[in-house]
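**Q** fold the following.
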Amino acid sequence: MLTSKGKYALRAAVYLARHHTEEGWALAVDIAAAEEIPKKFLEAILVELRDEHIVVSRRGRNGGYRLAQPPDRIGAGDVIRAIDGPLALTPCTSRTQYGPCQDCVSPTVCALRPVLQKARDAIADVLDGHSLATMAGLAPPPAPTARRKAAPPA
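**A** Take a look at the predicted model:
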């Protein structure tokens, strides 16, 4: 589940995408006010995003925050992973932080794992397919993918 922290991070990143220029730096107080995010909470989120190389920061009179890369090169999934961790519903379906589930007898015979892997892949396809530029309305959204219909019951 997407946490409030993850949603705030995504909203802040979209704000920075809308204000992305080489010279432009946004103050945390301005982002907090525009996106209605508690300032202290946002500051902690921005530090995490900086540590994960999603944003860069600069101190001083002309300082603030801006995206570390152009907004079309940062996906929604990148921001969420930076704050909330893997997109997978279970540790055994994570591509970046794989681990066995505590109550699993064997991942190779688990009936849940294939379905949960497909769910993880679908979530990742959507989130990674939408850049901050598309979310900010600066680029067209990706073309929809064809959805497979389940076979009707026999």
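
**Q** tell me which other helices or strands the lowest-mean-pLDDT helix or strand in the chain touches.
**A** Across the helices and strands of the chain, mean confidence by mean pLDDT, DSSP states H and E is lowest for helix 113-129: a mean of 92. Secondary-structure packing of helix 113-129 (3 or more Cβ pairs under 8 Å, 6 or more residues apart in numbering; DSSP states H and E): helix 76-84. All C-beta spots, glycine's among them, are computed from the backbone N, C-alpha and C.

**Q** give the rounded mean pLDDT of the helix it packs on.
**A** Helix 76-84 shows a mean pLDDT of 96.

**Q** tell me how far it lies from the chain's centre.
**A** Its chain's C-alpha centre and that of helix 76-84 lie 3 Å apart, by Cα atoms, centre = their mean, to the nearest Å.

**Q** other residues contacting it?
**A** For helix 76-84, the external contacting residues (Cβ atoms under 8 Å, 6 or more residues apart in numbering) are 2-3, 5-6, 9-10, 13, 45, 48-49, 52, 54, 87, 96, 124, 127-128, 130-132, 135.

**Q** check what pLDDT the closest residue in space to residue 62 that isn't next to it in sequence gets.
**A** Leaving out its chain neighbours, the residue that sits closest to residue 62 by Cβ to Cβ, 6 or more residues apart in numbering is residue 25, at 6.4 Å. Looking at residue 25, its pLDDT reads 92.

**Q** no more questions from me, cheers.
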